[in-house]
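# coordinates for the following, if possible.
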Amino acid sequence: MGAQPNPTETEVREPNMSIAQQVTQPPQHPQVVYVTALVKAPGQSMATTGTVLGIMAWVVTILSLFLLSPVGAVMAIVGFILSLVAFRTLGEHNAPRGQAIAGVTINAIPVVIIGVVWLVLGFASAFGSSS
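Below is the predicted model:
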């Protein structure tokens, strides 16, 4: 019985290569390419919008000296609602909720500050001295 050549060896060998080159050369395999798609979780855009609105509400609130413009309060309320909805949506999809938490926090503070200032001004005007 003669030794039969291994079918994989005969497939790898090329006619113009020596045996030493064929042994040291690794077999050629098709290249595998992995493609990673960046997909945002549902609610991530709402969390970003809520955070941006919160930052803008802070700027408007500080520039208006906490009371001259209700625009900061409206932006903070809208941002707060968007951030809460994003927090819930991201939680349902087991996605990271850090930006939604930041949005809730950033938006809650101007709402509280503006609310306190308006209450103080309301009490001051109602119970203030009447000349």
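# nearest spatial neighbour of residue 101, chain-adjacent residues omitted?
residue 87 (6.6 Å; CB to CB, 6 or more residues apart in numbering). (C-beta placed from N, C-alpha, C; glycine too.)
# point out the other helices and strands that the helix or strand where the one you found lies packs with.
For residue 87, the element it lies in under DSSP states H and E is helix 71-92. For helix 71-92, the contact count by 3 or more CB pairs under 8 Å, 6 or more residues apart in numbering; DSSP states H and E identifies helix 44-63, helix 98-127 as packing neighbours.
# so which residues make contact with stretch 76-90?
Residues from elsewhere that reach stretch 76-90 (CB atoms under 8 Å, 6 or more residues apart in numbering): 41-44, 46-47, 49-54, 56-57, 61, 96-97, 99-104, 106-108, 110-111, 114.
# quick one: buried ones out of those?
Among these, the ones that count as buried by 16 or more other CB atoms under 10 Å are 41, 43-44, 46-47, 49-51, 53-54, 56-57, 61, 97, 99-104, 106-108, 110-111, 114.
# spatially central residue in this structure, please.
Geometric centre of the chain, nearest residue: residue 44, 5.2 Å, by CA atoms, centre = their mean.
# show me the contacts for that one.
86, 90, 95, 99.
# the third one against residue 46, yeah?
It refers to residue 95. No. Counting by CB atoms under 8 Å, residue 95 stays clear of residue 46, with 11.7 Å between them.
# thinking again about what came up before, with residue 103 as the reference, measure out to the residue nearest to the centre of the chain.
11 Å (CB to CB, to the nearest Å).
# same deal with residue 72?
Residue 72 is 15 Å from residue 103, where distance means CB to CB.
# same thing with residue 90?
On the measure of CB to CB, residue 90 and residue 103 end up 11 Å apart.
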